[in-house]
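J.: 3D model of this:
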Amino acid sequence: TGTLRISTSAAFGRTFIVPYIDACLATSPDISIDLLCYDEYGHLVKNGIDLAIRIGPLADSTLIAKKIGTTQRLVVASPEYLVKRGRPKKPGDLVKHSCLFYSLQKTPDLWYFNSTQEGDESVRVGGRLKASSPDAICDATIAGLGISVLCEWYAQQYLEQGKLKTILEDYKPTAYDIHAVYTERRFVAPKVKRMIEFLAAKLKK
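T.: From the prediction side, this is the model:
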């Protein structure tokens, strides 16, 4: 019962959590949700957050992290960009292109790939635009400003609409784990456990 205060990125909150809130509330009629969409990680205790959803590498902390899923990532560009600048054939070709960076990553200009044929490799890419918001990076990519790496669940709608194209299909950017994070405590509230189980089930689909 009570209010469940959830922190997540704006992109994941809007794209993945909001569409399922109705189904979640239907199964838990005594719970209300306060969804905080931050691209920068807030302090859980200070902000009164019950549960945070984190995508990608986790910083060392005393928080409890439970893996609830994995997201593939894609290298994408707009059709207009590819006509103008050409299509890279392998990761090393990216050094000749304009790349768009998500500035909140630890090393935003170092992109990691794995291939079944050539194994793991990393490329130091260059570009003139970085942003702290996946939405801004996606919009800039659609506008033809460069090549970016986006989570598959986020890019899918734009791929279907033809606004973005997948490139380097044989070279997969490192997948990101999705974690449910909460403060260390002896007793975890049932509303927190319920939401973790609900999101984990949705991510498996």
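J.: And the helices in this protein, which stretches?
T.: Taking DSSP state H as the test, the helices found in the chain are 10-12, 18-27, 79-85, 134-142, 152-160, 190-203.
J.: and of those, who's closest to G126?
T.: helix 79-85 (13.2 Å; Cβ to Cβ). Where you see a C-beta, it was placed from the backbone N, CA and C, and this is true even at glycine.
J.: And for the closest one, what's in contact with it?
T.: Contact partners of helix 79-85, identified using Cβ atoms under 8 Å, 6 or more residues apart in numbering, comprise 97-98, 141, 144-147, 162, 165, 167.
J.: Tell me which of these fall in strands.
T.: Judged by DSSP state E, those include 165, 167 as members of strands.
J.: Present the helices of the chain as TSV; the columns should include mean neighbour count.
T.: Below are those laid out as TSV (neighbours: other Cβ atoms under 10 Å):
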stretch	mean neighbour count
helix 10-12	18
helix 18-27	11
helix 79-85	14
helix 134-142	20
helix 152-160	16
helix 190-203	16
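J.: Could you dump those helices into a markdown table and include mean pLDDT and distance to P173?
T.: Converted to a markdown table, the helices of the chain look like this (pLDDT from 0 to 100; distance: least, Cβ to Cβ, whole Å):
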| stretch | mean pLDDT | distance to P173 |
| --- | --- | --- |
| helix 10-12 | 88 | 16 |
| helix 18-27 | 87 | 25 |
| helix 79-85 | 98 | 18 |
| helix 134-142 | 95 | 14 |
| helix 152-160 | 94 | 10 |
| helix 190-203 | 89 | 19 |
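J.: how about those helices, which one is nearest Y102?
T.: If you check each of the helices of the chain against Y102 by Cβ to Cβ, helix 134-142 wins as the nearest, at 5.7 Å.
J.: what packs against that closest one?
T.: Judged by 3 or more Cβ pairs under 8 Å, 6 or more residues apart in numbering; DSSP states H and E, the packing partners of helix 134-142 are helix 10-12, strand 100-102, strand 129-131, strand 148-151, helix 152-160.
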